[in-house]
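> Next input, structure requested:
(chains A and B)
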Amino acid sequence: MWRHLGPALAFILLGGLFAVVLVRIGNGRLDVREIQSPLIGKAAPSFRLASVTDGSQWVDSRELAGKMYVLNVWGTWCAACRDEHPVLLEIARSAHVPIIGLDWKDEPETAREFLATLGNPYAAVAADRDGRVAIDWGVYGAPETFLVSASGQVLIKQVGPMTPQIWSDRFLPLLTGGAR
Amino acid sequence: MIPELGTLALAIALVLSLAQAGFGLFGAHTERLGWMQAARSAVTGVWLFVALAFGVLVFTLVTHDFSVTYVAQNSNSALPLLYRVAAAWGAHEGSLLLWTLILATWALLVSVFSAGLPSVFRARVLGVLGLVGSGFLAFTLLTSSPFARLIPAAPDGADLNPILQDPALAAHPPMLYMGYVGTAVAFAFAVAAMLSGRLDAAWARWTRPWTVAAWMCLTVGIALGSWWAYYELGWGGWWFWDPVENASFMPWLATTALIHSLAVTEKRGLFKQWTLLLAIFAFSLSLLGTFLVRSGVLVSVHAFAADPSRGLFILGLLMFFIVGSLLLYAFRAASLKSEGGFAVVSRESFLLLNNALLVAAAGLILVGTLWPLLMDVLSLGKISVGPPYFNVVFLVPTLPLVVLVGIGMHATWQRARLGYRGRWLVMIAGVALVAAWGIAFGAYRQSGLALTLVGFTAGLFVIGSALVEPWQRLRHRQPLSRAALGMAIAHLGIGIFVIGVTGVTSYKVEKDVSLGVGQSAEIAGYRFTFLGTHPVTGPNYEAIEGRVAISREGKPVTELRTQKRTYRVQRNPMTQAGIAVAWNRDLFVALGEDLGAGQWSMRLQYKPLVRYLWIGALVMAFGGLIAMLDRRYRRSAAATPEPAADARAP
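Presented below is the predicted three-dimensional model:
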């Protein structure tokens, strides 16, 4: 029977993996929706990338320091990003917090076209063409939205499309609670 | 009072289901006829009470009983009737109940249509299905009852998620679950065979129609989901490699492999151990899908609200069934050896390759789906696995597979002699190559990638190859068994699907434009003119409808309407795309944002041949239906026909 035990052992290992994940979710040490939970409360990873809207400009995290900002990871190839786009436009209109776009694994050309036609909610858009900055930020998939405090800490990581509900439930309380 | 009736019905169903398992398995073990009979009666009882519970849930939804938490969370007084019914599977608790109902239905079907099976074997199959059913009924009752009360009752409901308010999506989950859960039947047959220690051609013949039935439902379910994503998500994609899409696709691949491996086991008595493993894998992957969707371990648009305690419960069930059956396999595999051999080039070796490639494809998708999770647990940092990984990795096993389909279905058992068919195939391949070139350069006037040519050639080759046998039989007025005809149709479907995928990926045109009233934009020779917008009021949403006229070379083609809806309760915007369908292309308009000053952003798309992708899937499923109805499967188990009586059947 030992010869044929392989599949059973493989599944036991897989089950163990799932059990670890579930237990960690259960005691709050892992939240897959905030997949890089270690990042919460830590300093936001720094980046310096070319601007999508103006190739001669840089988008530099050091210049963002000192005030709260929202970092939105998106791409023109991402269907859910298109879904959340109107919500971001609305937020940009109503909230007094800059939204910085991180254009992930994308062509600046198509990104510019996208923004020109659908509207641009971003105060600045950084071109993360090879996805290195997204890895620093622990991006699992687009769209993801971060809230970074004035002191440069990551306060929230939101995986999946932004909705008015999520904005008012999770982001707004921290925004109106004053810059931490 | 009525909702409590639902809980009671579920509790009774659980007791009956345990009785079904106990009487079935122990009755078979001790060969007590009375017990085995009792198992059959229990199957009917389980079905009646689960159906009653489901009926109660639908009733509370239809009658707006907002004192039930599930109803308050997933319905609304303005929700149209169709979606109130569909809300029964719109969230975790209700869809789990549907899952159990479908399992009970499969068990009932097995009980009714298995009159020809030996009673011991049948009792074991029903016993195993009873065990699976008990697990899921207990899960429903203990962690996920849809009948939990909400005190005080809500004045109105939070409404069904707007993206679920669509006719195709109303049909998608039941169909998909029919397929998912249907793999439990093949699993039960495999476990019963291992318990009895007997696995022969008759066993394979009994298992085949059930496997094909599940596969057919899975195929239609996945196709419906893809079609829905295409027009409802508003952005014209048809497959996103979302973890939950993968979760439905992996069992499909495993079941496809199982169908082919069962053919070898029936006709030649080979691949026995492998067939058993595949039957276990197909069901395991279905359970895994259920786990991934409901436990919250993966992030997905499809995922239900996550709850780790539920996750642990399903994980327990998952491990019990999978590890239990695999341990049984480890004990019994050695005694279920295959006899006989085959030449290097034979139908057997083609089917072996088919299996290897299908399993490799499923494995690569599994790795891609679980990789981020594994990295996370091992604290190895982040990687993102998205369409770039899947699109490349999936082609590696499937491209050769498509070509093999075209050749393999003409190979004979034991030692392939293609004979005159070999000449046919060479001819078809030549014609396919020329035709592919003609399509690429003639119809679309662009070469595109080499992959485009390969895709068209492979698709046309498979279509031609699938038609050879039916055409030959027709010409010589020879009969063709339904199994063989079904196989030809299913493979024809693959060819159609491949052409659709190749066409749409190679030649689609997408353009985001901003247009004022009267302005127009052109893509792929079609001129889209914006005619303006007007407000529309739906039963439970407000919408702005845009009208777009389309013309080609000055001649009007059609006028499309596209809506941007805001559902009153949940407020999130939904795009309803306008789509014009023709035999060779879809034209697609989705309304974007009001940019002010009468300007609207919108997305225009030209999707050549996109329909063939879903038509192909439906043709595949239809082939399955024909094959399933083969006369051979309806003969009683006593009359075992000679294997290889019809050497050309699948």
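
> contacts and neighbour counts: CA atoms only from here.
Fine.

> Assign B:Glu245 to helix, strand or coil.
Of the three states, B:Glu245 takes helix according to DSSP: H, G, I helix; E, B strand; the rest coil.

> so where's the chain shaky on pLDDT?
Reading this off chain A. A:1, A:26-38, A:140, A:176-180 (pLDDT under 70).

> hm, I was asking about chain B
Those would be B:233-235, B:296, B:298-308, B:376, B:379-385, B:418, B:447-448, B:572, B:635-650, if you go by pLDDT under 70 across chain B.

> In it, what residue comes closest to chain A?
B:Ala330 (4.5 Å; CA to the nearest CA).

> Next, count neighbours for that residue.
The tally of other residues near B:Ala330 (other CA atoms under 10 Å in any protein chain shown) stands at 20.

> I'd like to know how many residues surround the nearest residue to it once chain neighbours are set aside.
Nearest residue to B:Ala330 in three dimensions, chain neighbours excluded: A:His4, at 4.5 Å (CA to CA, 6 or more residues apart in numbering or on different chains). Using other CA under 10 Å, A:His4 is surrounded by 18 other residues.

> right, and A:His4 touches B:Tyr329 too?
Yes. Counting by CA atoms under 8 Å, B:Tyr329 is a contact partner of A:His4 at 7.2 Å.

> Helices of chain A, start to end?
Remark: helices assigned in chain A by DSSP state H are A:6-26, A:61-64, A:79-94, A:108-118, A:132-136, A:164-166, A:172-176.

> any idea how far B:Leu199 is from B:Gly116?
Counting by CA to CA, to the nearest Å, the gap from B:Gly116 to B:Leu199 is 17 Å.

> who has more neighbours, these two?
B:Leu199 (23 against 14).

> Just want the most central residue of chain A.
Centroid-nearest residue in chain A, with CA atoms, centre = their mean: A:Glu144, separated by 2.9 Å.

> Just list whatever residues bridge to that residue.
A:Val73, A:Val159 (DSSP bridges).

> re earlier: how about the helices of chain A in a markdown table, adding mean neighbour count?
What follows is the helices of chain A, written out as a markdown table (neighbours: other CA atoms under 10 Å in any protein chain shown):
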| stretch | mean neighbour count |
| --- | --- |
| helix A:6-26 | 17 |
| helix A:61-64 | 13 |
| helix A:79-94 | 19 |
| helix A:108-118 | 18 |
| helix A:132-136 | 18 |
| helix A:164-166 | 13 |
| helix A:172-176 | 14 |
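
> Just put these in TSV and tack on distance to B:Pro152.
Shown next, in TSV, are the helices of chain A (distance: least, CA to CA, whole Å):
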stretch	distance to B:Pro152
helix A:6-26	29
helix A:61-64	48
helix A:79-94	33
helix A:108-118	44
helix A:132-136	46
helix A:164-166	24
helix A:172-176	28
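
> possible to save those helices as JSON lines with distance to chain B?
Compiled in JSON lines, those are given as follows (distance: least, CA to the nearest CA, whole Å):
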{"stretch": "helix A:6-26", "distance to chain B": "5"}
{"stretch": "helix A:61-64", "distance to chain B": "21"}
{"stretch": "helix A:79-94", "distance to chain B": "6"}
{"stretch": "helix A:108-118", "distance to chain B": "5"}
{"stretch": "helix A:132-136", "distance to chain B": "6"}
{"stretch": "helix A:164-166", "distance to chain B": "7"}
{"stretch": "helix A:172-176", "distance to chain B": "17"}
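
> Ok, which of these comes nearest B:Ile523?
Relative to B:Ile523, the nearest member of the helices of chain A by CA to CA is helix A:108-118, separated by 15.3 Å.
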